[in-house]
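S.K.: quick one, what's the 3D model for this:
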Amino acid sequence: MKGRLRKLRTPGREFAWTADIRHIPGSTDCHRGFRLRVWGGGKNGCLLQADLLSTSGPSPWGFCTTDVAHPLPRDVRALVTRALAAGWDPAAKGGTFVLTEREHAAGWELPGFLVTDRLRNPKAADPTRRVLHSLA
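M.R.: Below is the predicted model of the structure:
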């Protein structure tokens, strides 16, 4: 199934984005996650990629089973703003700017989500602990 390309308009720029649903394994459960990709410089511009972890609380059936979270345009706008501040240049030709948990998420929050490296690196921080910590 092909993902839907959505549009996000900001003053002076238009972005296209998509969010693919992923399942992120944790120590005791799986979690709902997303691979978010954003284009701001056309199809040949530098791609922004961020992997998000839903912070929806557990249900009696587990995290993944009942989680219906999905990034909204306001979430994408916040990620774009964060990435631009971190040095992403959408107009640069080619390449991918990856917004990572380790390098870009410290001291920054996105309500309802955490930036995670777990999709790219199975040894990254345990999502179950991170979600429970965010709910505390």
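S.K.: nearest the geometric middle of this structure, what residue?
M.R.: Geometric centre of the chain, nearest residue: Leu52, 3.1 Å, by C-alpha atoms, centre = their mean.
S.K.: looking at it, that residue is touching Phe34, isn't it?
M.R.: Yes - Leu52 is in contact with Phe34 according to C-beta atoms under 8 Å; the separation is 4.5 Å. In this view, the C-beta of every residue, glycine as well, is placed from N, C-alpha and C.
S.K.: between those two, what contacts are shared?
M.R.: Taking C-beta atoms under 8 Å, 6 or more residues apart in numbering as the contact rule, Leu52 and Phe34 both touch 19, 71, 113.
S.K.: list only buried entries from those residues.
M.R.: In the shared contacts of Leu52 and Phe34, burial by neighbour count holds for 19, 71, 113, counting by 16 or more other C-beta atoms under 10 Å.
S.K.: any idea how far the residue nearest to the centre of the chain lies from Asp75?
M.R.: 8 Å (C-beta to C-beta, to the nearest Å).
S.K.: identify the contacts common to those two.
M.R.: 110, 113.
S.K.: quick one: buried residues of the host helix or strand of Trp17?
M.R.: In the assignment (DSSP states H and E), Trp17 maps to strand 13-25. Neighbour counts over strand 13-25 (16+ other C-beta under 10 Å) mark 15, 17-19, 22, 24-25 as buried.
S.K.: then stretch 104-114?
M.R.: Those would be 104-105, 110, 113-114, for stretch 104-114 by 16+ other C-beta under 10 Å.
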